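Enquirer: give me the fold of what follows.
(one chain, ligands or ions: 1)
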Amino acid sequence: MSRFLSSRFADIEPYTPGEQPQDMQYVKLNTNENPYPPAPGVIRLINEAQTSRLNLYSDPTVEPLIQELARFYKLRPGQIFAGNGSDEVLAFAFLAFCDRERKVCFPEISYGFYKVFARLFNLDDARAIPLKADFSIDPEDYVNCGRNVVIANPNAPTGLSLSVQQIERIVKTNPGYVVIVDEAYVDFGGKSCLELIEKYDNLLIVRTFSKSRSLAGARLGFAMGAEGLIEDLNRMKFSFNPYNINRLTMLAGVEAVKDRTYFEDCLKKIIKTREESALHLMEMGFEVLPSKANFLFARHPALKGEAYYRALKQRGVLVRHFAQPESIANFVRITIGTPEQMEILLQKTREILHQEG
Ligand code: PMP
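Expert: Numbers count the residues shown, from 1 in each chain. Sure, this is the predicted structure:
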């Protein structure tokens, strides 16, 4: 830290991203990426002609992508905002809607960035609400709570999800506050609350291309909500980084949305692999939370979470382990890979249980 850093940020604890080794030596099941490549159209399009245009600024309105998303989700373009990953969309939402008067709350165990944004934007009285003993979110904690709400649905790292009715009750009973539903993983079997956005002007749905659309490296996310909320997000963007979506990423996004068949095929494969992998892990004695995401959150009575994570890493398989909070320290989060990758995970796990269990 230099002596010039603003004292506001002196004690900030930045988000710790999952390990991203670049040498491909691991079976990488640690950051919830899609194991399948982007849609064929994406790969065809990012060619020499397109890269040669990188001397020109990208389109600050991101219009072709917004149009394509509007068609796909049957919305008006004014109901959609695009960001540099959903991390940026979430950051703009925190910046736009949360302050000392409009405080924020979110589940204590959820996507780690919510806490970091709260700190970065000086929301010192952000409230982290504990999960129930079974690791689910209790929607009653958020009903009439008099705060902005941020909920990941399905939640991470648990994979557990709330119903549309449960989310609707939260949105309906907090009409003076924004309810941000982070649907990063919803395509893998959760129920989206998209149908509610015509009805409520305080619901903002945040999505990403990083998981179900195989574009984590392109950095693309979006939000859907009432036109007023989208205008507010654009106000943030045009006051911060108007060219937030680069040329290649915008083209990749358009092509990925166009190819509905490829998208649905990938989802089907991942869901099938998830269900099969969960069964195999349970057969080995793991407790596996019922996941609607592209990962499993699992623990074994004879294995400490950290030891399992390390033993897998030694054997070339990366998963995610959270040392804190204590209540989840014995779990690991396993991203669903290809059937072949999952077979390696299962085989290494059997070996570890044999030796250490
Ligand atoms: N929300 C949740 C719940 C996530 O797990 C992640 C990915 N780690 C994100 C948002 C951010 O994804 P991205 O910035 O890649 O769109």
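
Enquirer: just for the stretch 251-357 of the chain, where's the confidence low?
Expert: For the stretch 251-357 of the chain, the stretches with pLDDT under 70 are 357.

Enquirer: and the residue of it nearest the ligand?
Expert: Closest contact between the stretch 251-357 of the chain and the ligand, by CB to the nearest ligand atom, is at residue 293 (8.5 Å). Bear in mind the C-beta positions are built from the backbone N, C-alpha and C, glycine included.

Enquirer: residues contacting the closest residue to that residue other than its chain neighbours?
Expert: Counting by CB to CB, 6 or more residues apart in numbering, residue 293 lies nearest to residue 185, which is 3.7 Å off, once chain neighbours are set aside. Applying CB atoms under 8 Å, 6 or more residues apart in numbering, we find residue 185 in contact with 32, 152, 154, 156, 159, 211, 212, 292, 293, 294, 295.

Enquirer: so what sits opposite the last one in the bridge?
Expert: When bridges are called by DSSP bridges, residue 295 pairs up with residue 335.

Enquirer: residue contacts, it?
Expert: Per CB under 8 Å, 6+ apart, neighbours of residue 295: 32, 156, 157, 159, 185, 333, 334, 335, 336.

Enquirer: from these, which are also near the ligand?
Expert: Within the set of the contacts of residue 295, contact with the ligand (CB under 6 Å from any ligand atom) is found for residue 156.

Enquirer: need the contacts of residue 295 in CSV (columns: distance to residue 50).
Expert: Converted to CSV, the contacts of residue 295 look like this (distance: CB to CB, whole Å):
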residue, distance to residue 50
32, 28
156, 33
157, 36
159, 36
185, 30
333, 35
334, 36
335, 30
336, 31
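
Enquirer: from the contacts of residue 295, list just the buried residues.
Expert: 32, 156, 157, 159, 185, 333, 334, 335, 336 (16 or more other CB atoms under 10 Å).

Enquirer: so the third one, which of the three states?
Expert: Which is residue 157. When classified by DSSP: H, G, I helix; E, B strand; the rest coil, residue 157 comes out as coil.

Enquirer: can you tell me the element the closest residue to it other than its chain neighbours falls in?
Expert: Excluding its sequence neighbours, the residue lying closest to residue 157 (CB to CB, 6+ apart) is residue 333, at 4.4 Å. Using DSSP states H and E, the element containing residue 333 is strand 332-335.

Enquirer: using CSV, write down the CA coordinates of that strand.
Expert: C-alpha atoms of strand 332-335 as CSV (Å, rounded to 0.1, in the frame of the first residue of the first chain):
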residue,chain,number,x,y,z
VAL,A,332,-16.0,-28.1,-1.2
ARG,A,333,-17.7,-26.5,-4.3
ILE,A,334,-17.3,-28.6,-7.4
THR,A,335,-18.0,-27.1,-10.8
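
Enquirer: give me the contacts around it.
Expert: Looking at what lies outside strand 332-335 - CB under 8 Å, 6+ apart - the contacts are 28-33, 35, 156-157, 277, 294-299, 305, 308-309, 312, 319-322, 345.

Enquirer: for the buried ones among the contacts of residue 295, which one is nearest residue 113?
Expert: residue 156 (10.1 Å; CB to CB).

Enquirer: grab the nearest non-local neighbour of the closest one.
Expert: Leaving aside its sequence neighbours, residue 156 sits nearest to residue 111 (CB to CB, 6+ apart; 5.1 Å).
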